[in-house]
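**Q** Everything below, folded, please.
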Amino acid sequence: MKNIAVILAGGVGSRLGADKPKQFLEIGGRMVIEKSIDAFERHKGVDEIVIVINPDYVDEMKEIARKNKWKKVTKVLKGGKERYYSTLSAIEAYKEAGEVNLIFHDAVRPMVSQTIIDRVTDALKEHDAVGVAVKVTDTIWETEGEVIKAIPNRCVLRKAQTPQAFRLSVIKEAYRRGLQDPEMSSTDDCGMVMRYMPEKKIYIVEGEERNMKLTYKEDIKILEYLCRQ
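**A** Modelled structure (predicted):
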C-alpha cells in the first residue's frame with residue numbers, strides 16, 4: 001500500500017516570537033522544514049510527500065521544493081487556522097485515491113530519524129493507526145488551580161510525538177464523525193481516532209528524545225547542538 005508523508009507546516013509560530021513561521025528558521029545550515037522533508041525524501045518506504053503550508057507561504061514553499069529537487073513532493077496544499085484543517089486538506093486531496101496510508105509529521109520536528117520512520121511504516125503493515133511516543137521519566141502532577149489533585153503512575157504515561165499514521169479510510173471516517181460533533185476539539189490526529197473511532201486501536205511505536213518539536217527560542221540551541229552531533 002502506498003505510503004504518503006504529509007508534512008504539516010500550517011502554523012505561524014506565535015509562541016516563538018519570530019518574524020516568520022518557525023518552520024522557515026535555519027538549523028545547522030538548513031531550514032527546519034527542509035530537514036523534515038529530507039528525512040522522508042530519503043526513506044525507501046515513503047512513496048510521496050505532501051506539504052500542507054500556511055496559505056501566505058504557498059508560493060515560497062513551491063520555490064523551496066523546486067530548489068531542493070525533491071522527487072517525492074507531489075503536492076503543496078493550503079493549511080488552515082486550526083491544526084486539524086491541515087489534516088482535512090490532505091484527506092480531501094486523496095479522497096478519490098483508494099486506500100493509502102497517510103503519515104502525518106510536524107514540520108517543526110526536524111530531527112525525525114530513519115529508524116522512527118522505519119518503525120511507523122513497518123507497523124502500518126499490520127495496524128490501521130500508529131502513533132509515536134516516548135516514555136515519561138519525570139513525575140507528572142495533575143492539578144486543580146495551584147493545588148496538586150493527583151499524581152498519575154508515570155509507567156502508563158507517554159509523551160506523544162509525530163509521525164502519526166493511518167489508513168486513509170480510518171482518519172477520514174474519524175473526521176467525518178468528529179465534524180458532526182458541535183463540541184469537537186482536537187490536539188492531534190490520534191486523539192481524533194481515539195475519540196471518534198474507539199473501535200480502532202492505535203498501535204504505539206517507540207520515539208526518540210531527539211525527535212523534539214521546535215516551540216520556544218530555547219529549543220533552537222538544543223536543535224543546533226543535535227545537528228552538530
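
**Q** Near Ile33, how many other residues are there?
**A** A total of 24 residues lie near Ile33 under the criterion other C-beta atoms under 10 Å. The C-beta positions use only the backbone N, C-alpha and C, and glycine is treated the same way.

**Q** Could you double-check that it lies in contact with Ile7?
**A** Yes - applying C-beta atoms under 8 Å as the test, Ile33 and Ile7 come out as touching, 7.0 Å apart.

**Q** who touches both of these two?
**A** Common neighbours of Ile33 and Ile7 (criterion: C-beta atoms under 8 Å, 6 or more residues apart in numbering): Ile51, Ala107.

**Q** wait, is Arg109 part of a strand?
**A** No - in this structure, Arg109 is coil, not part of a strand, as judged by DSSP: H, G, I helix; E, B strand; the rest coil.

**Q** what element comes up after the longest strand that the chain contains heading to the C-terminus?
**A** Ranked by residue count under DSSP state E, the longest strand found in the chain is strand 158-167. Next in sequence after strand 158-167, counting helices and strands by DSSP states H and E, comes helix 168-178.

**Q** Next, the angle from that following helix to strand 158-167.
**A** 110 degrees (axes from the mean of the first three to the mean of the last three C-alpha atoms, to 10 degrees).

**Q** outside of helix 168-178, which residues touch it?
**A** By C-beta under 8 Å, 6+ apart, the list of residues contacting helix 168-178 from outside reads 84, 87-88, 91, 94-95, 97, 99-102, 128-129, 166, 184, 186, 189, 192-193, 195-197, 200.

**Q** what about burial for these, which qualify?
**A** By neighbour count, with 16 or more other C-beta atoms under 10 Å, these hold 84, 87-88, 91, 94, 100-102, 128-129, 166, 186, 189, 192-193, 196-197, 200 as buried.
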